[in-house]
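S.K.: show me how the following folds:
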Amino acid sequence: MEIKTVRVNKKTLTCRTCETEFFGYSEAQDAPRLFECEECSAIFSLPKDQYALLDDRIKGQYCPDCDAPLEETLVEKTQAGSCPMCEDRDYYGTGEAEEVDLETYAL
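M.R.: Below you'll find the predicted structure:
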């Protein structure tokens, strides 16, 4: 699977479980949609105009990081990221967002 750099919003997040602060990512204006593997938190992107092709793109594909079948583990995210300490995905945003380039797996 190809690595693609996309423009996203980077924001500090705080884990509700252990209060650890870490960075999370959300779509920037006119950016591709973001997806996350629920098994390992790998981030994937798909151009908005190709969203209708998502099922065809992930059929028979496996996560390059953990080998999980994407049909079972890929979820669309408005905010992507998991706590690096407890791996929980229950967090809230703090601070201002800034646009940054993020390497993702292209779908």
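S.K.: tell me the SS of Glu19?
M.R.: With DSSP: H, G, I helix; E, B strand; the rest coil as the basis, Glu19 sits in coil.
S.K.: what's the distance between it and Cys86?
M.R.: 10 Å (C-beta to C-beta, to the nearest Å). C-beta here means a position set from N, CA and C on the backbone, and glycine is covered the same way.
S.K.: which other helices and strands contact the strand ranked longest in the chain?
M.R.: Longest strand of the chain, by residue count under DSSP state E: strand 91-106. Judged by 3 or more C-beta pairs under 8 Å, 6 or more residues apart in numbering; DSSP states H and E, strand 91-106 is in contact with strand 3-15, strand 21-27, strand 43-46.
S.K.: send me that strand as PDB with only the CA atoms.
M.R.: Extracted as PDB, the C-alpha positions of strand 91-106 are listed here (Å, rounded to 0.1, in the frame of the first residue of the first chain):
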ATOM      1  CA  TYR A  91     -10.300  11.800  24.400                       C
ATOM      2  CA  TYR A  92     -11.100  15.400  24.100                       C
ATOM      3  CA  GLY A  93      -9.400  18.200  22.200                       C
ATOM      4  CA  THR A  94      -7.300  21.000  23.800                       C
ATOM      5  CA  GLY A  95      -5.500  23.900  22.300                       C
ATOM      6  CA  GLU A  96      -5.600  25.300  18.800                       C
ATOM      7  CA  ALA A  97      -5.400  23.200  15.600                       C
ATOM      8  CA  GLU A  98      -2.600  23.700  13.100                       C
ATOM      9  CA  GLU A  99      -2.300  22.400   9.600                       C
ATOM     10  CA  VAL A 100       0.500  19.900   9.100                       C
ATOM     11  CA  ASP A 101       1.500  17.300   6.600                       C
ATOM     12  CA  LEU A 102       0.900  13.700   7.700                       C
ATOM     13  CA  GLU A 103       2.000  10.400   6.100                       C
ATOM     14  CA  THR A 104      -1.000   8.100   5.600                       C
ATOM     15  CA  TYR A 105      -1.700   4.900   3.800                       C
ATOM     16  CA  ALA A 106      -3.500   5.800   0.500                       C
END
